[in-house]
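1. 3D, please:
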Amino acid sequence: MRARITAGARVALALAVCATALLDSVQGHAQSATVDISIKNHRFQPAEIHAPAGTPITIRVRNLDPTPMEFESVTLRVEKIVPANSEGVVNVRALSPGRYNFIDDFNQQAKGVLVVQ
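-> Take a look at the predicted model:
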C-alpha cells in the first residue's frame, strides 16, 4: 500500500522546512560577543579591546575605583554611568570593522579603543 501526499501537505512541509532554516539563520546572527574591561586608578585595563564585526557586542565594565565613572563613546553612541566598586553593562549594535574610541567622561584621561575586525 502506497501513501499519497496531497498538494496541501507538500506545501505545509515546504513551509516548515523554510521556517526551520530561517529560524536557524536568525538564531546564528542573534548571538552577541561579550567583552570585559575594568577601570582602576582612572585607567582602562586593557586599554584596547577586540570584538567581531557584524555581531552585537556586550561590554561589561568593572569599576574598581572608589568613585563613579561614565563609559562614553560618541562613535559607539553610548553613555553608561557605573557607580564606584560595581559593574555595568553596555550593549552595542553590530558594527562594521574599525576603531571606536571611548573615555571615562568623569575623568577624561582614561581612554580606550574598541577594535572591531
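
2. skipping its backbone neighbours, what lies nearest the one residue sitting closest to the centre of the chain in space?
-> The centre of the chain sits closest to residue 57, judged by C-alpha atoms, centre = their mean, with a distance of 1.1 Å. The shortest distance from residue 57 to any non-neighbouring residue, by C-beta to C-beta, 6 or more residues apart in numbering, is to residue 92 (4.3 Å). In short, each C-beta sits where N, CA and C put it, glycine included.

3. follow-up on the earlier one: the residue nearest to the centre of the chain and residue 86, how far apart?
-> 20 Å (C-beta to C-beta, to the nearest Å).

4. follow-up on the earlier one: quick one: contacts for the residue nearest to the centre of the chain?
-> Each residue near residue 57 by C-beta atoms under 8 Å, 6 or more residues apart in numbering is listed here: 32-35, 51, 91-95, 114, 116.

5. one more pass at 10 Å, please.
-> Taking C-beta atoms under 10 Å, 6 or more residues apart in numbering, we find residue 57 in contact with 32-35, 49, 51, 76, 90-95, 100, 114, 116.

6. residue 43: which of those residues is nearest?
-> The shortest gap between residue 43 and any of the contacts of residue 57 belongs to residue 49, at 13.6 Å (C-beta to C-beta).

7. once you drop chain neighbours, what's closest to that closest one?
-> residue 35 is the one closest to residue 49 (C-beta to C-beta, 6+ apart), at 4.9 Å.

8. name the element the one you found belongs to?
-> Following DSSP states H and E, one finds residue 35 within strand 33-40.

9. show me what that strand is packed up against.
-> strand 43-45, strand 48-51, strand 57-63, strand 69-73, strand 86-92, strand 111-116 (3 or more C-beta pairs under 10 Å, 6 or more residues apart in numbering; DSSP states H and E).
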